[in-house]
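1. Please work out how this folds:
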Amino acid sequence: MAKISESLIILNFIGIKFESLFKVLTDNGLTDFHTGIQRNVYRKLYNLGIDEETLASEKYKSFIKTESSEIFPLIHENISKGIIDLYSFKQEYDGYFNSNDNDDKELNAKILKFKAENKSRLNEIDWTEIKDLRNTILSHNLRDKKRNNAIAHNNMQKFVKLSLDYKKCLLYFTQMSILHHNLKNEFSTELKNAEKELLFGELEK
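-> You can find the predicted model right below:
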């Protein structure tokens, strides 16, 4: 299998997870996580026919608060996985999805054009921050090798801050979801051929 075919499969696999996370964020958050999730629970109950006076009672306020607290860890977990996926996508996109790995001049030009047109989306993301969070907080043991394996205090603060920053998280995963969507459209034929080669090529062996 050609390197570009492998790269398209990997980028699409990661991109599907971006779409799923984007849906979680838009379904459960509005202005920020806490109030956004609570408003979403309130809205769902209201749509079921529970009137505003009942929803304003202490009993329902307590219920909404409890329901919201149960949803928040789910979003927190998704963001943690999302940060790892962001970094993985960037590594694959920069390291393997390249025009110099293929002899097809037309495909090379197509890749260069695509990267130029979508460069601004990648520039919206603080990749240094993503790398630091991925390496010290999410993929390893919360220790910073650059500081004699002391606890990664600064990165822990960065992680909490990013996890609670709904607008920033939404921006990051919106940009990557759009990039993935553009990739699927622009390289739809190449991706389909790569998937056929992966599935049926392996079956023929």
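2. Tell me which residues touch Phe18, please.
-> Residues near Phe18 by C-beta atoms under 8 Å, 6 or more residues apart in numbering: Gly82, Asp85, Phe89, Phe173, Met176, Ser177, His180. (C-beta placed from N, C-alpha, C; glycine too.)
3. quick one, phi/psi of the second one?
-> Main-chain torsions, Asp85, degrees, to the nearest 10: phi -70, psi -40.
4. avg pLDDT for whichever strand or helix holds Tyr42?
-> Assigned by DSSP states H and E, Tyr42 falls within helix 33-47. In this model, helix 33-47 carries a mean pLDDT of 69.
5. and after that helix, which helix or strand comes next?
-> helix 52-55.
6. Show me what that next one is packed against.
-> helix 33-47, helix 58-95 (3 or more C-beta pairs under 8 Å, 6 or more residues apart in numbering; DSSP states H and E).
7. Mind picking out the helix or strand in the protein with the poorest mean pLDDT?
-> helix 33-47 (a mean of 69; mean pLDDT, DSSP states H and E).
8. any weak-confidence spans in the chain?
-> 1-2, 27-38, 64, 67-72, 74-75, 101-102, 140, 164, 202-205 (pLDDT under 70).
9. And the residue with the largest distance to the centre of the chain, how far from Lys59?
-> The outermost residue of the chain relative to its centre, with distances by C-alpha atoms, centre = their mean, is Glu53 at 38.4 Å. For Glu53, the distance to Lys59 equals 12 Å [C-beta to C-beta, to the nearest Å].
10. what's the answer for Val24, then?
-> 28 Å.
11. The two: which is more packed in?
-> Val24 (17 against 9; other C-beta atoms under 10 Å).
12. Which residue is the nearest non-sequential neighbour of the more buried one?
-> Asn78 (5.2 Å; C-beta to C-beta, 6 or more residues apart in numbering).
13. before we move on, what about Lys17?
-> Closest to Lys17 by C-beta to C-beta, 6+ apart is Asp85, at 5.2 Å.
14. Identify each buried residue in stretch 133-141, please.
-> Using 16 or more other C-beta atoms under 10 Å as the test for burial, stretch 133-141 gives Leu133, Arg134, Asn135, Thr136, Ile137, Leu138.
15. That should have said stretch 83-93, apologies.
-> Neighbour-count burial for stretch 83-93 [16+ other C-beta under 10 Å]: Ile83, Ile84, Asp85, Leu86, Tyr87, Ser88, Phe89, Lys90, Glu92, Tyr93.
16. Now find how far off-centre it is within its chain.
-> 9 Å (C-alpha atoms, centre = their mean, to the nearest Å).
17. Ok, stretch 178-185 next?
-> 14 Å.
18. One more: stretch 187-195?
-> 22 Å.
19. Render the CA-only coordinates of that stretch in CSV, please.
-> Output of stretch 187-195 as CSV, limited to C-alpha atoms (Å, rounded to 0.1, in the frame of the first residue of the first chain):
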residue,chain,number,x,y,z
PHE,A,187,-9.5,13.0,-1.7
SER,A,188,-12.7,11.0,-1.8
THR,A,189,-11.5,8.8,-4.7
GLU,A,190,-8.1,8.2,-3.3
LEU,A,191,-9.6,7.4,0.2
LYS,A,192,-12.1,4.9,-1.3
ASN,A,193,-9.3,3.2,-3.2
ALA,A,194,-7.1,3.1,-0.1
GLU,A,195,-9.9,1.5,1.9
